[in-house]
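K.L.:
Any chance you could fold what I've pasted below:
(4 chains)
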There are 2 protein chains.
Amino acid sequence: MDRCKEEELHEARLKEALQRMPSDEQIEEMGSRFKSIGEPSRLKILFALAGGELCVDHVVEAVGGNQSAVSHQLKTLKAARIVKCRRSGKKILYSISDWHVMTIIELAKEHLGCE
Amino acid sequence: MDRCKEEELHEARLKEALQRMPSDEQIEEMGSRFKSIGEPSRLKILFALAGGELCVDHVVEAVGGNQSAVSHQLKTLKAARIVKCRRSGKKILYSISDWHVMTIIELAKEHLGCE
DNA sequence: CTTTTATATGAATTATTATTCATATGATAA
DNA sequence: TTATCATATGAATAATAATTCATATAAAAG
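P.N.:
You can find the predicted model right below:
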């Protein structure tokens, strides 16, 4: 293909790309969700919770690290509405609230190492 | 369910969770991929490239921001092997190389606002 | 060659995020 | 009521990441 035609094609593509581009709010929303799960300990927390609700110190055992750090990370995940919690006696039980996100994580895991 | 039984159940869950937990390398790998796409301008770049390859200044037009910043972001995406590039004359054309990641992004977009 | 165009790069700065530590809260048990 | 257990929180610090600026490189045009 000659240079000029190629250039026209790319211009057209750019126009289409701009039309399909999600809104800034959508981009922000998606970005912040991906950011929430783009951190090793938070990912681990989600894998730990994938089997059902766990109390904080079990989460701590599952992911390692100290209680305070895990608590902060749970807070981040809760703010992103990926997990939720309820109290039961003196324990607080955390669980996945957004299974879409979990589906995406499982999908990503399946794709690992198959390129 | 009484407290004691509940505790047993949770212990069992923790054990299962630990067994299902991906290896540290897998967690790292997934985390770094999610991190790469957990940033608004990089996400925009990927949506821009979803329609086909574009040269850098078209990407700059599509996402806004300055040339250097976009170049650094492209570098990040390339390091994560999510995009690739080739030279054509004096332009460098970027394109998606990991369509799994793009599938995940599209999926995430579809899920937005449907909870 | 020299200039221009397109892109990349490194270093410095700035901004964002995570971790730690000390302490607070809230529920139960004694 | 007091002590204890489980968890949360805020502030300080440490670590990581993004942006900018100046400059480098590589190809093409003149």
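K.L.:
what about the helices in chain A?
P.N.:
Secondary structure of chain A, counting by DSSP state H: helices at A:3-20, A:24-37, A:40-49, A:56-63, A:67-79, A:99-111.
K.L.:
would JSON lines of these with distance to B:H100 be doable?
P.N.:
From N, CA and C alone the C-beta is placed, and that goes for glycine too. Shown next, in JSON lines, are these (distance: least, CB to CB, whole Å):
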{"stretch": "helix A:3-20", "distance to B:H100": "19"}
{"stretch": "helix A:24-37", "distance to B:H100": "14"}
{"stretch": "helix A:40-49", "distance to B:H100": "17"}
{"stretch": "helix A:56-63", "distance to B:H100": "26"}
{"stretch": "helix A:67-79", "distance to B:H100": "24"}
{"stretch": "helix A:99-111", "distance to B:H100": "4"}
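K.L.:
Single out the most deeply packed of those.
P.N.:
helix A:40-49 (a mean of 22; mean count of other CB atoms under 10 Å in any protein chain shown).
K.L.:
how far off helix B:24-37 does that helix point, in degrees?
P.N.:
On the basis of axes from the mean of the first three to the mean of the last three CA atoms, to 10 degrees, helix A:40-49 is oriented at 110 degrees to helix B:24-37.
K.L.:
Show me the contact partners of helix A:40-49.
P.N.:
A:36-37, A:54, A:58-59, A:62-65, A:69-70, A:73-74, A:76-77, A:82-83, A:94-96, A:101-102, A:105, B:14, B:17-18, B:20-22, B:24, B:27-28, B:30-31, B:34 (CB atoms under 8 Å, 6 or more residues apart in numbering or on different chains).
K.L.:
what about 7 Å?
P.N.:
Contact partners of helix A:40-49, identified using CB atoms under 7 Å, 6 or more residues apart in numbering or on different chains, comprise A:36-37, A:54, A:59, A:62-63, A:65, A:73-74, A:76-77, A:83, A:94-96, A:102, A:105, B:17, B:20-22, B:27-28, B:30-31.
K.L.:
and A:E16, what is it in contact with?
P.N.:
A:E16 neighbours (CB under 7 Å, 6+ apart): B:G51.
K.L.:
Is DNA strand C within reach of the lowest-mean-pLDDT helix or strand in chain A?
P.N.:
None of the helices or strands of chain A scores lower by mean pLDDT, DSSP states H and E than helix A:3-20, at a mean of 81. No - counting by CB under 7 Å from any atom of the strand, DNA strand C is not contacted by helix A:3-20; separation bottoms out at 9.4 Å.
K.L.:
what does chain A have sitting close to DNA strand D?
P.N.:
Residues of chain A lying near DNA strand D (CB under 7 Å from any atom of the strand): A:55-57, A:67-68, A:71-72, A:74-75, A:85, A:90-92.
K.L.:
at 10 Å what do you get?
P.N.:
A:3, A:31, A:35, A:38-39, A:54-61, A:66-75, A:78-79, A:85, A:87-94 (CB under 10 Å from any atom of the strand).
K.L.:
which residues of chain A score low on pLDDT?
P.N.:
For chain A, the stretches with pLDDT under 70 are A:1-4, A:113-115.
K.L.:
okay, which residue is most central for chain A?
P.N.:
In chain A, the residue lying closest to the centroid (CA atoms, centre = their mean) is A:I37, at 3.4 Å.
K.L.:
contacting residues for that residue?
P.N.:
Contacts of A:I37 (CB under 7 Å, 6+ apart): A:L43, A:L46, A:V101, A:I105, B:F34.
K.L.:
Over to A:V60?
P.N.:
A:Q67, A:V70 are the contacts of A:V60 under CB under 7 Å, 6+ apart.
K.L.:
All set, thanks.
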